[in-house]
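Asks: Next comes the sequence, and after it the predicted model I'd like to discuss.
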Amino acid sequence: MTGVLHPDLPHFIAFGAVYTELSRSGPDLWRSRNRGAPWQVAVALSTLGELSAFAGAISQDQFGQEIWIDSSDANLDLRFIQQLPKPPLLALSRDDEAPQFFVGQDSADLHFRPEGLPNAWLKALRWAHFGGMSLVRQPLAMRLLALAEGLKAEGKTLSYAPEFSLQMDSRYDETLERMCRLADVIQVSEAELRGLFRAQDYRLGLAQISAWNPDAVLLLQHGVAGHATLYRGREEWHAQIADHEAVDPVGARESGLAGL
């Protein structure tokens, strides 16, 4: 019945933050790219032919407009993006490096409101994704955590990719545990496990996640490029992707999760 009533609403929604990364490649040369793990997962799902949306808030300036255009080009459902008269979320980095720091005090992403989503979106939803820096930035993080718990209570399938950052100190431990207990699919890397659990042996973090949620599917990315292990209960599968030339390595893990 849901498919008949709401055939155009997305089956997959990624919730979180999207930002503009400004990378410096010369004394007077900067390049801008739109980034954000949840947004990139939604783009990858759309590329694979799924009705997908990114649900989050962006600014109304040129930075936000470029995100809007890229989202439209990726065939995301634009009804789930809230454009607000707030500053953009920006990340500054050197070329080919991870962002060094973010600029986004009172930025648009923090003001996303789930109650502003289209009518009947919940009926069409099959899968929701959470993760990245959005679960650290308050008050957005508190709002998204409550949303994830509500969706789980409604019987929706959830995926979670924490993506460790320096802001994820001991104050993030409660959110990490609650999200791991909720998620049906969890994606993490060896390096992220070391950072999230503050332990040199990544297997300690792996064991803790399994103890929190033994029924979850866990996708573990190893240090070797393209090497991953998929765990489900006592079963595990290993994969090594074929050699390829990456046009842009950023977003590779999000594409992997989308494929799974």
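Replies: Structure's in. What do you need?
Asks: CA atoms for contacts and neighbours, from now on please.
Replies: OK.
Asks: for the one residue sitting closest to the centre of the chain, what are its contacts?
Replies: For the chain, the residue lying nearest the average C-alpha position, counting by Cα atoms, centre = their mean, turns out to be Pro38 (2.6 Å). The contact partners of Pro38, by Cα atoms under 8 Å, 6 or more residues apart in numbering, come to Ala14, Phe15, Gly16, Ala17, Val18, Phe54, His129, Phe130, Gly131, Gly132, Glu254.
Asks: Recalculate using a threshold of 10 Å.
Replies: 13-18, 44, 53-56, 128-134, 160-161, 254 (Cα atoms under 10 Å, 6 or more residues apart in numbering).
Asks: for the one helix or strand Ser71 maps to, packing partners?
Replies: When elements are assigned from DSSP states H and E, Ser71 belongs to helix 62-73. Secondary structure elements in contact with helix 62-73, counted by 3 or more Cα pairs under 10 Å, 6 or more residues apart in numbering; DSSP states H and E, are strand 19-26, strand 29-35, helix 37-47, strand 52-59, strand 81-84.
Asks: show me where the stretch 51-200 of the chain has strands.
Replies: Counting by DSSP state E, counting those that start in this stretch, the stretch 51-200 of the chain has these strands, from start to end: 52-59, 81-84, 90-94, 101-103, 127-131, 157-161, 185-189.
Asks: List the neighbouring strands of the last one plus their orientation.
Replies: Okay, so that is strand 185-189. Sheet pairing here is set by DSSP bridges, and for strand 185-189 it gives strand 157-161 (parallel), strand 217-221 (parallel).
Asks: Name the next helix or strand downstream of the last one, please.
Replies: Which is strand 217-221. Helices and strands here follow DSSP H and E; after strand 217-221, the next one along the chain is strand 227-232.
Asks: Paired strands for the helix or strand following that next one, with orientation please.
Replies: Downstream of strand 227-232, the first helix or strand assigned by DSSP H and E is strand 235-240. Sheet neighbours of strand 235-240, with direction, are listed as strand 227-232 (antiparallel) (DSSP bridges).
Asks: Pick the most buried one from the helices and strands packed on helix 62-73.
Replies: With neighbours taken as mean count of other Cα atoms under 10 Å, those reach their highest mean count in strand 52-59, at a mean of 27.
Asks: Could I have the CA atoms of it written out in PDB?
Replies: Coordinates of the C-alpha atoms in strand 52-59 are reproduced here as PDB (Å, rounded to 0.1, in the frame of the first residue of the first chain):
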ATOM      1  CA  SER A  52      17.400   8.300  -2.100                       C
ATOM      2  CA  ALA A  53      17.600  11.500  -0.100                       C
ATOM      3  CA  PHE A  54      19.900  13.400   2.100                       C
ATOM      4  CA  ALA A  55      18.100  14.900   5.100                       C
ATOM      5  CA  GLY A  56      19.900  17.900   6.500                       C
ATOM      6  CA  ALA A  57      20.100  21.700   6.500                       C
ATOM      7  CA  ILE A  58      22.300  23.900   4.300                       C
ATOM      8  CA  SER A  59      22.900  27.600   4.000                       C
END
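Asks: could you say what helices and strands that strand packs with?
Replies: Packed next to strand 52-59, using 3+ Cα pairs under 10 Å, 6+ apart, are strand 12-15, strand 19-26, helix 37-47, helix 62-73, strand 81-84, strand 127-131.
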